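Peer 1: generate a structure from the sequence data that follows.
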Amino acid sequence: MDIRPLSPGYAVSPQIDPSDAAAIRDAGFTLVINNRPDYEIEPGQQDAVMRQAIEAAGLSYVSNPITSADGITEENVQAQRAAIEAAGSGRVLAYCASGNRSSIVWARAMAGTATPDALIAAAARHGYNLERFRALLSGA
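Peer 2: Numbers count the residues shown, from 1 in each chain. From the prediction side, this is the model:
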């Protein structure tokens, strides 16, 4: 498991495994967001299996599948924002194949709460290049 914090309350990760659920809880997370569609992952890591493992560990779980970095819809952004807000002061871990989609949808959901430079820099610390989304992050 490779947890990459983008903010004090939000981190991303490449694909997690059901066996990671207790470690995620023990790391202080309260919510896990799955940003992968079922068709691109192995059967043991599909949404229903992950939901069962995460919820069995006492964590909340949200499925918000995103097909590609360029395929993030406004509905995905709104769902991510709503999940983050519902977590309140709890820490959120979002995952996809590499963490890239989870970074982009987070930055878009946080647009207006931080500058585009700050959002882009937070993701860049972990190797995610969000520069091409600058206009979406600035509201332009």
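Peer 1: and the residue lying closest to Val32 once chain neighbours are set aside, what is it in contact with?
Peer 2: Nearest residue to Val32 in three dimensions, chain neighbours excluded: Ile54, at 4.8 Å (C-beta to C-beta, 6 or more residues apart in numbering). In this view, the C-beta of every residue, glycine as well, is placed from N, C-alpha and C. Applying C-beta atoms under 8 Å, 6 or more residues apart in numbering to Ile54 gives the contacts 21, 24, 32, 60-61.
Peer 1: likewise for Leu59?
Peer 2: Leu59 touches 21, 24-25, 29-32, counting by C-beta under 8 Å, 6+ apart.
Peer 1: give me the low-pLDDT residue ranges for this structure?
Peer 2: 44, 139-140 (pLDDT under 70).
Peer 1: Phe133 and His126, how far apart?
Peer 2: Distance, Phe133 to His126, using C-beta to C-beta, to the nearest Å: 15 Å.
Peer 1: among the contacts of Leu59, which are located in helices?
Peer 2: Using DSSP state H, the members of those that fall in helices are 21, 24-25.
Peer 1: so which of those residues comes closest to Pro14?
Peer 2: Among these, Ile24 lies closest to Pro14 (C-beta to C-beta), at 13.3 Å.
Peer 1: quick one, what contacts that closest one?
Peer 2: With contacts defined as C-beta under 8 Å, 6+ apart, the neighbours of Ile24 are 1, 16, 32, 54, 57, 59, 93.
Peer 1: could you do Ser60 as well?
Peer 2: Contacts of Ser60 (C-beta under 8 Å, 6+ apart): 30-32, 54, 86-87, 90.
Peer 1: could those be laid out in TSV, adding distance to Glu40?
Peer 2: Shown next, in TSV, are those (distance: C-beta to C-beta, whole Å):
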residue	distance to Glu40
Thr30	26
Leu31	22
Val32	18
Ile54	19
Ala86	26
Ala87	25
Gly90	27
